[in-house]
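Enquirer: starting from these lines, generate the structure:
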Amino acid sequence: MEGHASLAGWLSVGRSQLAMDLRIVLYPRVPSLGDCMTYDDSHLREAFRLVPGIGEGHRWYDFPYKVLDRFLRSRAGRKLPRRARVGLTYVMNLLHPFNQHDRHLVWDRRDSLHNVTAPEGETLEVPGVWVVELFPPSEFDALVRSLDKNSWDAKRIRYGIGERNRDYLDRMRSGGSGGWWKLGQVVSTGAFIYPDAKVAKLPQGFAAVDLTAAHIGDGLTAVVAFFRVSEDGAAALNEEWHREHEPQIVWRHGRPKAEDRMWSTFRITQGARRRLHDKARIWMRDTLPGAFARRSVPQPLIDLILFSGYDPTLGAWESNEFSDALRALGLNCGSPYHCKSEKFPGLLLDAVDKGMCPALDADTWALWGRQSKVAELLGNLDMYGGNDGAGIAHRIDDDVREALRLLSVSTFLREVQAEYSQLRDAARAQHGKFDARRLKKMRAVFLALSVDLSSTVRDVKEFHARSKRNAELPVFMFEDPAWLTEQRQSARANPPRNYTNMLLKRQKREVIEIASEDREYREILSAVASLGASIDTFKVGRVALWVALLSLAVSMVALLLADVGSDTVVSHLVRFITK
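Expert: Here you go, the predicted model:
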């Protein structure tokens, strides 16, 4: 039993063409619970019958492959330099993916190891996407320029129903108290117009954008954009999920790669989800550029994905086919544990795993669940627009903003740490090579980092204290799903773990570490600057000595060439010596 489990676990690693071929060739018979079960490899034999191996036919890639193969085996080929043989072998390997691609095209569609099919009757929608941008003190001017340029509060001021964004921002950053406030709303041309909304062209798939802001302490401002997805945009991912994707040849790092139907579905479907994310992030970057935009990193993002029938919170064991279908969406790819919060009943929080979902960006999370169950647990959604996906997204908007504020702090601290690491690693290589422009740029970067960090250290502490005092943050808990609990003995069951507290403790530790690193970096720079000043003083003194010697030499030459009576000093000296 244990041997079978270990063998099955080994066989389940990887879904590449080569791994599957080796599994079938090397293990034609797999033991199962004491019985011998014959593996049905008829589809494999049929695929190789229809598409023989490379060099065994008359296809366009067989001829160059056979020529190169015979040449490398010949006496002349064996005498080639090693670099030439490696180059020819590399060219031969470039032809293999085309042979694999032809075999993928004729592969049996019923083989779940090479194909992904969305469950029949199961549909999904993406009614909302949230993106956050942070504005530390170094980005305050950028925030003010964006507010002045876009004038989202123009109608609000005209109608006398609110305060100017600039006045509210100045008061909050000067130590005022308050929660989230509405910066404005942008609606797409042709969509329903709200009284104080600004009409503008939005990326395709979005009907409106709600912009709200809040402070994390006094010096750090978070702005969250809630993108209300249009009906077409909400259904786009579902259409791609149910579409049959054919094998493709893709080029990566200058090499062709053959993707079967499974990997093609993974890449294309995850790409469809990412396109919606990219539109939101690009709009945010162009409209409200902040700390993440300046560092060219993706802003933290959460999207809402609602299924028509599937409920992930039940904790049932998904079949391999359905698990692959979820992976095509970028869901359920990481930890098997469930991340839940009472503020999001019926929904799970799932982070994108770049290793399993390379088509998606990091710092991306999904809240996903069954639409009917979520609507029932939330209750009374009439005032939010109804029990559909748009009503659910509107209802959880406040809590999603709080979750993003927490997650964005972790991302910001990580990026600050990375920037300090880059400065440290580049310091030795660039030492002694700085010109005035580089020194000015380095001074600006270091000044921005130091100002942002000194404010962040204080703001994060205040943010943690206020969040615990007011219970603003959603409390996410890691829990074992039902199928995992049943497999374990009650004594070995994992207790729920507080993910929110884990993030708070990690942020507290990271702030202390970065502050310590900043102090050490300052001390090193001060010492180096002091030594540099001494070296520069010595260099200046030595240069001054050489200048003085050069001046003396010039003076002597001028004296020798000076006229004394009717002749020069040099001529008098020459006559005196030659007498």
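
Enquirer: quick check: residue 348 touching residue 365?
Expert: No. The pair residue 348 / residue 365 is not scored as a contact, 10.2 Å apart, by CB atoms under 8 Å. Using the backbone N, CA and C atoms, a C-beta is placed for each residue, glycine as well.

Enquirer: the two - which one has more neighbours?
Expert: residue 348 (23 against 19; other CB atoms under 10 Å).

Enquirer: and the residue lying closest to residue 364 once chain neighbours are set aside, what is it in contact with?
Expert: Using CB to CB, 6 or more residues apart in numbering and skipping residues adjacent in sequence, the residue nearest residue 364 is residue 352, 4.2 Å away. Residues counted as contacts of residue 352 (CB atoms under 8 Å, 6 or more residues apart in numbering) are 330, 333, 360-362, 364-366.

Enquirer: against residue 126, how distant is residue 240?
Expert: 11 Å (CB to CB, to the nearest Å).

Enquirer: what about residue 270, which SS state?
Expert: Following DSSP: H, G, I helix; E, B strand; the rest coil, residue 270 is assigned to helix.

Enquirer: how many residues are close by it?
Expert: 24.

Enquirer: distance of it from residue 333?
Expert: Taken as CB to CB, the span from residue 270 to residue 333 is 10 Å.

Enquirer: what do these two both touch?
Expert: With CB under 8 Å, 6+ apart as the test, residue 270 and residue 333 both reach residue 357.

Enquirer: report the central residue of this structure.
Expert: In the chain, the centroid-proximal residue (CA atoms, centre = their mean) is residue 362; its distance is 2.9 Å.

Enquirer: please, which helix or strand holds that residue?
Expert: Element membership of residue 362 [criterion: DSSP states H and E] is none; it lies in no helix or strand.

Enquirer: now the end-to-end length of stretch 468-475.
Expert: 10 Å (CA to CA, to the nearest Å).

Enquirer: that older thread, ok, now which ones touch the residue nearest to the centre of the chain?
Expert: Contacts of residue 362 by CB under 8 Å, 6+ apart are 298, 352, 354.

Enquirer: go with 10 Å
Expert: 297-298, 300, 351-354, 411, 414 (CB atoms under 10 Å, 6 or more residues apart in numbering).

Enquirer: and for residue 484?
Expert: Residue 484 neighbours (CB under 10 Å, 6+ apart): 315, 317, 336-338, 493-494.

Enquirer: buried subset of the residues you listed?
Expert: 315, 337-338 (16 or more other CB atoms under 10 Å).

Enquirer: now do the strands in the stretch 451-579 of the chain.
Expert: Ranges of strands within the stretch 451-579 of the chain are 476-479, 497-498, 563-564, 567-568, based on DSSP state E, counting those that start in this stretch.

Enquirer: which of the ones you listed comes out lowest on mean pLDDT?
Expert: Mean pLDDT is lowest for strand 563-564 among the strands of the stretch 451-579 of the chain, at a mean of 59.

Enquirer: low-confidence regions, the stretch 301-450 of the chain specifically.
Expert: 334-335, 424-447 (pLDDT under 70).

Enquirer: which stretches of it form strands?
Expert: Using DSSP E, counting those that start in this stretch, strands in the stretch 301-450 of the chain cover 301-307, 338-341, 347-351, 364-370.

Enquirer: just those strands: most buried one?
Expert: strand 301-307 (a mean of 26; mean count of other CB atoms under 10 Å).

Enquirer: so that one versus strand 364-370, what angle?
Expert: 20 degrees (axes from the mean of the first three to the mean of the last three CA atoms, to 10 degrees).

Enquirer: can you give me the neighbour number for residue 57?
Expert: 14.

Enquirer: that one should be in a strand, yeah?
Expert: No. With three-state DSSP as the criterion, residue 57 is located in coil rather than a strand.

Enquirer: look at it and report its pLDDT.
Expert: pLDDT at residue 57 comes out at 88.

Enquirer: quick check: it touching residue 98?
Expert: No. Taking CB atoms under 10 Å as the definition, residue 57 is not a contact partner of residue 98, at 11.8 Å.

Enquirer: can you give me the strands for the stretch 101-250 of the chain?
Expert: Going by DSSP E, counting those that start in this stretch, the stretch 101-250 of the chain shows strands at 124-135, 181-188, 198-200, 206-216, 220-229, 248-252.

Enquirer: with mean neighbour count, mean pLDDT and distance to residue 285 added, can I get those in TSV?
Expert: Conversion of these to TSV gives the following (neighbours: other CB atoms under 10 Å; pLDDT from 0 to 100; distance: least, CB to CB, whole Å):
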stretch	mean neighbour count	mean pLDDT	distance to residue 285
strand 124-135	25	95	8
strand 181-188	20	89	15
strand 198-200	15	87	16
strand 206-216	22	91	13
strand 220-229	25	93	11
strand 248-252	12	93	26
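
Enquirer: ok, back up a step: adding distance to residue 276, write the strands of the stretch 301-450 of the chain out as JSON lines.
Expert: Output for those, formatted as JSON lines (distance: least, CB to CB, whole Å):
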{"stretch": "strand 301-307", "distance to residue 276": "7"}
{"stretch": "strand 338-341", "distance to residue 276": "22"}
{"stretch": "strand 347-351", "distance to residue 276": "16"}
{"stretch": "strand 364-370", "distance to residue 276": "11"}
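
Enquirer: closest to residue 71 out of the ones you listed?
Expert: Across those, residue 71 has its closest neighbour in strand 364-370 (49.2 Å, CB to CB).

Enquirer: between the buried ones among the contacts of residue 484, which sits nearest residue 557?
Expert: residue 337 (87.2 Å).

Enquirer: just grab the bridge partners of the nearest residue to the closest one once chain neighbours are set aside for me.
Expert: Closest residue in space to residue 337, ignoring its immediate chain neighbours: residue 478 at 4.7 Å, by CB to CB, 6+ apart. On the basis of DSSP bridges, residue 478 is bridged to residue 339, residue 497.

Enquirer: show me what contacts residue 478?
Expert: If you count contacts by CB under 10 Å, 6+ apart, then residue 478 has 335, 337-340, 349, 494-499, 502 around it.

Enquirer: how about those residues, which pair is most distant?
Expert: Applying CB to CB across those, the maximum distance is between 349 and 495, 18.8 Å.

Enquirer: what segments of the stretch 1-150 of the chain are helices?
Expert: 2-11, 17-26, 42-50, 62-73, 75-78, 82-106, 140-150 (DSSP state H, counting those that start in this stretch).

Enquirer: contacts only, for residue 214.
Expert: Contacts of residue 214 by CB under 10 Å, 6+ apart are 172, 178-181, 220-224, 401-402, 405, 463, 472.

Enquirer: from residue 153, how far out is it?
Expert: Here residue 214 is placed at a distance of 16 Å from residue 153 (CB to CB).

Enquirer: now the helices for the stretch 451-579 of the chain?
Expert: Using DSSP H, counting those that start in this stretch, helices in the stretch 451-579 of the chain cover 482-487, 499-560, 569-578.

Enquirer: residue 253: how many residues sit nearby?
Expert: Residue 253 has 5 nearby residues by other CB under 10 Å.

Enquirer: no wait, residue 92
Expert: Residue 92 - counted by other CB under 10 Å - has 18 other residues nearby.
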